[in-house]
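1. Kindly generate the corresponding structure for this input.
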Amino acid sequence: MSTTSWRERVDAENRRQRELRAEITASARRRAAAFEDGVRELGSKSAVAREIGIDVRAVRRAINEYGTATAPPTGSTSE
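-> Numbers count the residues shown, from 1 in each chain. The predicted structure follows:
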């Protein structure tokens, strides 16, 4: 039988959700960096998209939102 209150469980889940959001952001930044490496290697975002079979808009969006030229949001602690 659980001895934690519902408030404690909500607090624990809120913490976990913050951790997961930070992990997702870090993953998105690593993915964007990989796309940028692909662009340097293949010469264009279109070539990267063709190489891995995704829409070029996904490559553009990832680089624009999470690429190295994009500053992390204010107060961000993940890399």
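2. Output the below-cut-off pLDDT ranges for this structure.
-> 1-2, 69-79 (pLDDT under 70).
3. Can you give me the distance of the spatially most central residue of it to Ala12?
-> The centroid of the chain falls nearest to Ala28 when counting by CA atoms, centre = their mean (1.9 Å). Using CB to CB, to the nearest Å, we find Ala28 at a distance of 25 Å from Ala12. Quick note: C-beta positions are derived from backbone N, CA and C, even for glycine.
4. swap in Ser27?
-> 23 Å.
5. What of Arg31?
-> 29 Å.
6. In terms of neighbours, single out the busier of the two.
-> Arg31 (16 against 11; other CB atoms under 10 Å).
7. Contacts only, for the more buried one.
-> 62, 66 (CB atoms under 8 Å, 6 or more residues apart in numbering).
8. If we ignore the residues flanking it in sequence, what's nearest Arg4?
-> In this structure residue 4 is Thr, not Arg. Ala12 (7.7 Å; CB to CB, 6 or more residues apart in numbering).
9. Centre of the chain to the helix or strand encompassing Glu13, how far?
-> When elements are assigned from DSSP states H and E, Glu13 belongs to helix 6-42. From the chain centre to the centre of helix 6-42 is a distance of 5 Å (CA atoms, centre = their mean, to the nearest Å).
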